[in-house]
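Student: Task: produce atomic coordinates for the following.
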Amino acid sequence: MRGIYGTVRAANIDPKMDVDILYYYRPTRSTTSDEFPTFMSLDTSCLVKSEDEGGTILGLFNLALPLDKFNKKGIYTIYIRPKELNVTIRDVSVLAAYPDVKGVVFNTGDLNGDDDLTGYRIEYFDGNERSETVRLITSSHRCEAVLANVADGFPQETRYRLTDSSSDYIFCTVTPSTETSYKSNYAPYIGKANEKVVLINTKFDPLMLEIEMVEHDADTISYMIEGDQVRDRDNAIITTYNDDREIYKQQDYYTVKNELGVPLYDVKQKRENIDGSQAYDNVINNIKE
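Tutor: Numbering: from 1, shown residues only. Presented below is the predicted three-dimensional model:
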């Protein structure tokens, strides 16, 4: 319809820089594995960019799980989230030229090579747990420290100046950071020097997947229920074939009798050594002959 337009677009992400993948394994829903006391990290190289005729599809990835880690029957829980960086606030101060602009300062060495934090979320701690207080970074620039005299009779104070040259520090403005009009005597908390915080990008929402690795799927179950089957009475072998008439499973069958020769049980057991002579074409050709 004319006049209607959207503003949502797929995120342009770099899995190595922007994504964390964690996974957990359980043999069944009611048991746990000693190998997985907690969630473990998975290399983000398993996220493979999707392509169409025009090239890469923005924001769409295929999840190629490594077989050396996902090779057991059971339940795998996969948690894909924006990458989290545990960092330390180096300082909380203002710009020397604009003392009304307050922000937090980070060391570039803590940022995993990412020096543009615009749009990142800062999460704070209350003891050992994350608090409900969060702030959103609205701008991010390289900066350098300068000393300024605040007032006569007071010691010099460290402030910051934005710079285009190489610097070890980044000055970030956040929101909210200023007093509201209806509560002008209260400044929102944005952190303090040497405080531990978590930086999280906001390019996508966390995603949890549950994958169950099983021995049988709908196709293999249908082989056993309605697939072609041959019962070799001379060798007491039952052979079941897949849709391509290849040997899917073989079983030995026999009857258990009592000492008087009275049948008690019909037994069918999985056969480990496959008899290749029971191939479908061999059997059918022998029947025709």
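
Student: So, low pLDDT: which residues of this structure?
Tutor: Applying pLDDT under 70 to the chain flags residues 1-2, 150-156, 178-185, 287-289.

Student: What are the boundaries of the strands in the stretch 101-250 of the chain?
Tutor: 102-107, 121-126, 129-149, 156-162, 169-175, 196-200, 207-213, 229-232, 237-241, 247-257 (DSSP state E, counting those that start in this stretch).

Student: who wins for proximity to residue 284 among those?
Tutor: strand 229-232 (8.6 Å; Cβ to Cβ). C-beta coordinates here come from the backbone N, C-alpha and C atoms, glycine included.

Student: Please list the outside residues in contact with the closest one.
Tutor: By Cβ atoms under 8 Å, 6 or more residues apart in numbering, the residues outside strand 229-232 that reach it are 237-241, 253, 278, 280, 283.

Student: got the buried residues for it?
Tutor: residue 230 (16 or more other Cβ atoms under 10 Å).

Student: ok, now stretch 249-265?
Tutor: Using 16+ other Cβ under 10 Å as the test for burial, stretch 249-265 gives 249-251.

Student: ok so, going back, now distance to residue 188 too, for the strands of the stretch 101-250 of the chain, in TSV please.
Tutor: Shown next, in TSV, are those (distance: least, Cβ to Cβ, whole Å):
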stretch	distance to residue 188
strand 102-107	10
strand 121-126	12
strand 129-149	8
strand 156-162	20
strand 169-175	9
strand 196-200	15
strand 207-213	31
strand 229-232	73
strand 237-241	69
strand 247-257	66
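
Student: Quick check: which of those strands is nearest to residue 220?
Tutor: The nearest among these, by Cβ to Cβ, is strand 247-257 at 7.2 Å.

Student: Helices of the protein, residue ranges please.
Tutor: All helices of the chain, identified by DSSP state H, fall at 15-18, 218-226, 280-288.

Student: Can you spell out the domain ranges of the protein, please?
Tutor: 15-83+208-213, 85-204, 218-288 (automatic domain parsing).

Student: I'd like the ones you listed laid out as CSV, including distance to residue 6.
Tutor: Below are the domains of the chain laid out as CSV (distance: least, Cβ to Cβ, whole Å):
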stretch, distance to residue 6
domain 15-83+208-213, 14
domain 85-204, 17
domain 218-288, 38
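
Student: Mean neighbour count, the ones you listed: which tops it?
Tutor: Each of these was assessed for mean neighbour count using mean count of other Cβ atoms under 10 Å. The highest is domain 85-204, with a mean of 15.

Student: Identify the residues contacting residue 86.
Tutor: By Cβ under 8 Å, 6+ apart, the residues touching residue 86 are 196-198.

Student: how about the nearest residue to the residue nearest the centre of the chain, chain neighbours excluded?
Tutor: Geometric centre of the chain, nearest residue: residue 80, 2.3 Å, by Cα atoms, centre = their mean. In this structure, residue 80 finds its nearest non-sequential neighbour in residue 207, 4.5 Å apart by Cβ to Cβ, 6 or more residues apart in numbering.
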